[in-house]
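>>> quick check, what structure comes out for this input:
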Amino acid sequence: MEFTAAKKDFTTALGKAQGIPEQKNLSSVMANVLLESVGTDAVRLTAQSYEVTLVTTFPAKVAIEGRMALSGRSLFDATRMLPDAPVSLKGLPNHWADLVAGRTEYKVPGILPDNMPDRQEPQTTDEVKVPREMLLEMVERVGFAMSSDEGRPNLNGIFLKVDPLAGNARVEAVATDGHRLARLVRQVGEAQAPHAFGVIVHRKGVAELKRFLDEADTEVAAGFQRNAVVFRVSSGYLLVRQIELDYPDYQRVVPTDFKWKFTVDRTEFARAVQRAAVVISADKTPLVRLKLEGGRLQVLAQDPERGDAHTEIDIQYSGEPLEISYNNRYLLDALGALPGHDVLLSVKDLSSATTVANPSDEGVLQLIMPVRV
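Sure, this is the predicted structure:
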């Protein structure tokens, strides 16, 4: 096989795949990517792991049709160093490849293409059209709250729920690690499904989704099958293994009937938390204490070895005083994931989750548990 492609097209395709091949065991067949000619004017790239399959096609001038299986890591590293010139890739008799751009040349190791595992082909039954921006928003506003605890595999991803409605669909994305929860709700395009359904998208796939959507179409078809979720655009698809477990009933932890509510400038509040966190030791639970009283919000932190911190923010508040503590990292993550200028904090009591929300966007919600001190 031999082809030439614009460097931008080639690096964009490789960029979508760079996190998928096996990184630790470079002798594994899963450490390679498969390149296949599609006629004489395109090349299809396939990268697979146990959780994710990526297929993407990019334009190229194919001189010799065929296919190659090359080391993903070597190919990514070498291509990044190429000069800004058309990229040529030519298969060699030992299954390696000659990679050339301008006056720079690399020999990239490879294996017999027939040794690559069969590609996982989508077989979706339900589908919904989702704007690209909504999926990117899901990664940004929800993904950070996924659990990394392998002992709780049903929390190791984003729960994606679709409710078909008249003329459109309601899509809800939720992630939690047991200490905090992030939720995004949006109305999107029509769903091709007769009923509501939900899936857990594995965290590995969530990490790859943002790369996959780089320079992708404005609308993405999200398809669902028994063991996988498929995100499809005109150039290819990303198939992510579904975690086939029940997601916990998160609705029961969303509190109502709040005793305290206050609104504060989101950026100013985040800076106050960051200032207080200066005195928190890295090896201790990073706690900040909030003291709410008429007209002001105090943000405090203390450490017996590093000192005390205190900063104040003027706010419009005239209710009962409140003193409550949070993990400052969780609080900063929640503030950073919200859109808009202001943030509304609602507290039911000192043992229930606090809601952190944008007053003008009910579709985004963060929950964090207070910490008893």
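
>>> and stretch 39-58, how far apart are its ends?
12 Å (Cα to Cα, to the nearest Å).

>>> quick one: mean pLDDT for it?
Averaged over stretch 39-58, pLDDT sits at 95.

>>> show me the beta-bridge partners of residue 298.
residue 291, residue 312 (DSSP bridges).

>>> how is this protein carved up into domains?
2-115, 126-250, 254-368 (automatic domain parsing).

>>> mind putting those into JSON lines with mean neighbour count?
(Glycine included, C-beta is placed from N, CA and C.) What follows is the domains of the chain, written out as JSON lines (neighbours: other Cβ atoms under 10 Å):
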{"stretch": "domain 2-115", "mean neighbour count": "18"}
{"stretch": "domain 126-250", "mean neighbour count": "19"}
{"stretch": "domain 254-368", "mean neighbour count": "16"}
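
>>> how close does the closest residue to residue 95 other than its chain neighbours get to residue 90?
Distances taken as Cβ to Cβ, 6 or more residues apart in numbering place residue 110 nearest to residue 95, at 4.5 Å, with adjacent residues excluded. Remark: distance between residue 110 and residue 90 (Cβ to Cβ, to the nearest Å) = 12 Å.

>>> any residues in contact with both of these two?
Common contacts of residue 110 and residue 90 (Cβ atoms under 8 Å, 6 or more residues apart in numbering): residue 97.

>>> ok, which stretches of the stretch 51-200 of the chain are helices?
With helices called from DSSP state H, counting those that start in this stretch, the stretch 51-200 of the chain shows them at 72-80, 132-141.

>>> go on, the stretch 201-350 of the chain?
With helices called from DSSP H, counting those that start in this stretch, the stretch 201-350 of the chain shows them at 203-212, 266-276, 328-337.

>>> could you point out which of those helices sits nearest residue 153?
Ranking these by proximity to residue 153 (Cβ to Cβ) places helix 203-212 first, at 10.0 Å.

>>> which residues are in contact with that closest one?
By Cβ under 8 Å, 6+ apart, helix 203-212 touches 15-16, 18-20, 49, 51-52, 54, 56, 135-136, 139, 143, 146, 148, 156-158, 201, 229, 231, 238, 240-241.

>>> measure residue 50 to residue 28 for me?
Residue 50 is 11 Å from residue 28, by Cβ to Cβ.

>>> now residue 160
Using Cβ to Cβ, one gets 30 Å for the distance from residue 160 to residue 28.

>>> surely the residue nearest to residue 95 touches residue 69?
Yes: between residue 110 and residue 69 there is a contact at 5.4 Å, judged by Cβ atoms under 8 Å.

>>> who touches both of these two?
Counting by Cβ under 8 Å, 6+ apart, the residues touching both residue 110 and residue 69 are 32, 95.

>>> next one, pLDDT for residue 24 please.
pLDDT recorded at residue 24 is 80.

>>> hey, least reliable of the domains of the chain by pLDDT?
Among the domains of the chain, domain 126-250 carries the lowest mean pLDDT, a mean of 88.

>>> now do stretch 141-151: distance to the chain's middle.
Here stretch 141-151 is found 10 Å from its chain centre; the criterion is Cα atoms, centre = their mean, to the nearest Å.

>>> end to end, how far does that stretch reach?
Length of stretch 141-151, first residue to last, Cα to Cα: 24 Å.

>>> what's across from the nearest residue to residue 356 once chain neighbours are set aside in the sheet?
Closest residue to residue 356 apart from its sequence neighbours, by Cβ to Cβ, 6+ apart: residue 366 at 4.1 Å. Beta-bridge partners for residue 366, by DSSP bridges, are residue 182, residue 356.

>>> right, and residue 62 touches residue 35 too?
No: using Cβ under 8 Å, residue 62 makes no contact with residue 35, being 10.5 Å away.

>>> circling back to that earlier point, quick one, what contacts the residue nearest to residue 95?
32, 68, 69, 70, 71, 91, 95, 96, 97.

>>> for those, give me TSV that also has distance to residue 280.
Listed next are the contacts of residue 110 as TSV, based on distance: Cβ to Cβ, whole Å:
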residue	distance to residue 280
32	45
68	52
69	49
70	47
71	43
91	56
95	54
96	52
97	51
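
>>> residue 350 and residue 40: what is the separation?
According to Cβ to Cβ, residue 350 and residue 40 sit 69 Å apart.

>>> and for residue 59?
To residue 40, residue 59 is 11 Å away according to Cβ to Cβ.

>>> residue 148 too?
Residue 148 sits 45 Å away from residue 40, going by Cβ to Cβ.

>>> likewise residue 330?
Using Cβ to Cβ, one obtains 54 Å as the distance from residue 330 to residue 40.

>>> again, but for residue 85
Applying Cβ to Cβ, the value for residue 85 to residue 40 is 21 Å.
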